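In: Whatever this is, show me its structure:
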Amino acid sequence: MKNSVTILFLVALAMVAFLPSACLASSGKESDSSMKQEIKISFRLTKAGEPYDLKLLSGYDNPYAIKDALHALLYSQPYKLQSSNSNYSNVYLYTAKNSDQKLAIEPCVDAEQDQTPSAKDLGMKELSALKPMKYGTAMFMRNEDERLSELCALLSKNQDCIAIKNEIKRLGAGFGLSFDNAHDWVCTARSRKPNLVLMRNPSPVAIREKRAAAAGMTVAWQIEKSPVILYELEEAWCRVFALQILEQAKANPLGLASAAILSRKYLDARTHYQLALAEKGAFAKSMLDRMTYKPSMPTANQKNIQIPASNLPKSSYQGWKPVLKWLPTDSELLMVGQVSTSPIKLEERNDALLLTTLFAPMVIEPDGDVERENQAYMEANKLLINTKVAFALHSARTFYFGGGIGVGSGDGISVLMLDKANRAVTGQVMKNIEKDCIYRERIENVDILCFEKLPFTLGTFLGSTRDDKCVYVCMPQDGVLLVANNSCYLQETLRRMKDENSSPAFDDSLPEWNYVDKNMPFWALRHYDKSYVPFDVHGMYELVTATFYPDQDEESLLKKNLETGLTFSSDGKTCYLYIISNNDALLKNLGRRWQGIFGYDYENEALEKARLKGSFEIKDGVLTFVEVPDDYRILPLQLLVSLGYFVAI
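Out: Next up is the predicted model:
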C-alpha cells in the first residue's frame, strides 16, 4: 500500500557537484539498448532523515552506475519526511537510470508502508532473541567481539533502536569504549573482519560483518558530519551491495564482476569480465575497458595539486614534518628513514644497516623464482638509481592479520620524497608503471593507479595488502610518490594534504616524542589508539605475549585504558628502544623478551636458546634499552610485531 511522501531529493545537484566521473567509458560501439540500466535501491530513514538498511534491488551488472547511485543517495541526505504512521517503518525506493553513456538520475523516490513493525519495536524483538551473555573487563575483546558484530548487524536494520545502542554501550564499557563519540564507532566498523570472498552464496558471517561495519559508520556519521566518515560509509555500503549481488548473481560472470569491483577485487573483476565476453560481448568489453589501461586514455596526471605552503615538505631528511598535516590524525605508527638509491648486492641483504630499517632498499636483480616472476618493480626501481631521496615515510592504523603464514597488515601509506634536483624522475616512474595498472580512478581529483602488487619497492613499506589485494599509487606533486593499501586512508591523506588548516597527526604533546632521536637514519614511534586497542590483539601481540610468563597473568597485566607506546631508532649499529606504560610489571616482561632479541644467535636457530643480553632500566613508566645486537637477523621480525605488523612463521 503506497503512501504519498514528499522528500527533498537533490540527486541531480549531487551528481553535478560530486560525480565528475559519472560518465561511463565506452568503446563507442554499444547500442543504446544494451547500455540502458536501471538501478533501484530500497532504504529506510532515521528520524533525522538519514538512510540506512540499504538494499540493491536491480541493476546488478553495472558497478559504476551502482556506485554513482549510492554516492548520490548518501550525499543528498538528510531527507525531509512528512508525518506518517509511527507504527510502521517506511521503505523508500530510489531509482536511477542511465542511457547511452551518461547516468541520468531521476528524482524518483517512493515510500511504501510495508506493514513492518517500527524500527524500535523490531529492534527490541530481535535483541531479546539473542542469548544472554556476560561481558568481560579487559584490554582486548575475545568472545565479546562476535557479540558486538551481532549487535551492530541488528543495528544496521534498526538504526534508531535505543535498546540496541545501549546494549552495545554496556558491552563496550568493559573495554574502555563509551560509544558516545564518533571515533569509537569508526574503529568498531574498521575492525570488522575485512575479508570478502567472492562466492555465489556468501556466508552468514560475511554478511553480518559487512552490515555491522555499515551500521558503525552510520552512527559515526550521525554523531559527526565528517566527509571522511561519509567516504568510509560509502565504502562500507559498497561491500554490502557486493554481497547482495553475490546472493543474486549465482554463476553470472557480470554479476560476479560487479561484486568484485564494489569490493575492490580488481583482478577477479577482470577475470569475470573476460568470461562474460562470450555471451555479453559488447557490454562486458565496455566494462573491462572502463577499468583497464588503454593508450588512448589520458595518461597519469602529472600536474601538481594545490598544496598550501605550510603543508609542503622540504627536500631534506628533516623536511618530513609538514607531512604530518597530511596524515589522518588517528594514525598509530610513524616511521621515517634514509634510503640509499645505490643498487645492493644480494649478499649484502643481511648487513646490519639494512636490518635496522624497515624500508625497502634498491633491488634491481631477481633473487629466486618468486622474484623472477615479478620483475616489473625492478624496472621501475632502475629509474631511481643514483637519485637522491630526501626521506621515506610510512604511517598506518587499523592493524589486522588475515591468517596463514606471513606478515600482518595495516591501513597505511608510504611517502617517497626525492631531492629537489631529482623531482622530474617521479613523472618518469608514473609513466613507466601505468601501463601495468589493473584499475584506475580519481580520488580527491587525483589520478590513482591500482596494482595487484607494488609496482616499485624502493623506500616503501606496507606490510601485507588486505583482502582487496590492491596497491594504490599516485604522484600528488613533482618529486613525491604515494603508495597506499587502503583507499579510505589515501582519500583522507589527499584531502588533508590540500587543507592548510589541517591539524598534524602525532601531536607534539605525545610523550613518545621525548624518546626518539629524529636525526637517526631510521626511527619509528607508535602511539596506540585507545578506541582501536580492544580489537587489536594481533597488532599489539607483543603485549599479549608478555603475559606468557608464569609469574604474571593477563588480567593483571592487560587492563582497559592501559597507557602504552614505544619508540625505536638506530644508527645502523646501536639500537635505542623505549617502551612506555603505566604498568611496571608489563614493562618487566617486555624487557625479558627484548633481552632475548638483542642476545639472539642465529646459529642456534631457536629463540629459546638465545642468551639474555644487556640490562634494561624501568624508570617513571619507561623501559629503556640501548644495545648493539649480537645478530641483527631476528631484529626486523620483532620490530614488525612491536610496531603492529603481526608475523606468523
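In: for the helix or strand where E542 lies, packing partners?
Out: Secondary structure here is read from DSSP states H and E; on that basis E542 sits in helix 541-545. Counting by 3 or more Cβ pairs under 8 Å, 6 or more residues apart in numbering; DSSP states H and E, the packing neighbours recorded for helix 541-545 are helix 584-598, helix 635-643. All C-beta atoms are positioned from the backbone trio N, CA, C, and that covers glycine.
In: and those helices, which one is worst for confidence?
Out: Per-stretch mean pLDDT for those is lowest at helix 584-598 (a mean of 86).
In: chain center to it, what's the gap?
Out: Taking the mean C-alpha point of helix 584-598 and that of its whole chain, the gap between them comes to 31 Å (Cα atoms, centre = their mean, to the nearest Å).
In: Now do it: which elements does it pack against?
Out: Using 3+ Cβ pairs under 8 Å, 6+ apart as the test, helix 584-598 ends up in contact with helix 541-545, helix 554-557, strand 575-581, strand 617-619, strand 622-627, helix 635-643.
In: between the ones you listed, which gets the lowest average pLDDT?
Out: Averaged per stretch, pLDDT over those is lowest on helix 554-557, reaching a mean of 55.
In: what's downstream of it, the next helix or strand?
Out: Toward the C-terminal end, the helix or strand that comes next after helix 554-557 (DSSP H and E) is strand 564-570.
In: So which bits of that next one are buried?
Out: Buried positions in strand 564-570, judged by neighbour count with 16 or more other Cβ atoms under 10 Å: T564, G565, L566, T567, F568, S569, S570.
In: Output those in JSON lines, with pLDDT appended to each entry.
Out: Conversion of the buried residues of strand 564-570 to JSON lines gives the following (pLDDT from 0 to 100):
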{"residue": "T564", "pLDDT": "79"}
{"residue": "G565", "pLDDT": "91"}
{"residue": "L566", "pLDDT": "94"}
{"residue": "T567", "pLDDT": "97"}
{"residue": "F568", "pLDDT": "96"}
{"residue": "S569", "pLDDT": "96"}
{"residue": "S570", "pLDDT": "94"}
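In: now those residues as a markdown table including distance to P521?
Out: Compiled in a markdown table, those are given as follows (distance: Cβ to Cβ, whole Å):
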| residue | distance to P521 |
| --- | --- |
| T564 | 26 |
| G565 | 22 |
| L566 | 19 |
| T567 | 15 |
| F568 | 12 |
| S569 | 9 |
| S570 | 7 |
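In: Tell me who's in contact with S316.
Out: Applying Cβ atoms under 8 Å, 6 or more residues apart in numbering, one finds that S316 lies in contact with A390, F391.
In: again, 6 Å this time
Out: For S316, the contacting residues are A390, by Cβ atoms under 6 Å, 6 or more residues apart in numbering.
In: Could you number the chain from 517 rather than 1 from now on?
Out: Fine by me, first position is 517 from now on; the one you just mentioned is S832.
In: pretty sure P824 is touching E1016, no?
Out: Yes: checked against Cβ atoms under 6 Å, the pair P824 and E1016 is within contact range at 3.5 Å.
In: Show me which of the two is the more surrounded one.
Out: Using other Cβ atoms under 10 Å as the criterion, P824 and E1016 rank with P824 on top: 14 against 11.
In: Nearest residue to W842 in space, please, no chain neighbours.
Out: In space, W842 comes closest to M1013 once its chain neighbours are excluded; the distance is 4.4 Å by Cβ to Cβ, 6 or more residues apart in numbering.
In: count of neighbours near the one you found?
Out: 25.
In: how near is it to S831?
Out: Between M1013 and S831 the distance is 17 Å, computed by Cβ to Cβ, to the nearest Å.
In: now do A892
Out: For A892, the distance to S831 under the criterion Cβ to Cβ works out to 28 Å.
In: what do you get for A722?
Out: In this structure, A722 and S831 are 46 Å apart, going by Cβ to Cβ.
In: Please apply the same query to I1150.
Out: The spacing between I1150 and S831, counted by Cβ to Cβ, is 35 Å.
In: got it, and S802?
Out: Taking Cβ to Cβ as the criterion, S802 is separated from S831 by 43 Å.
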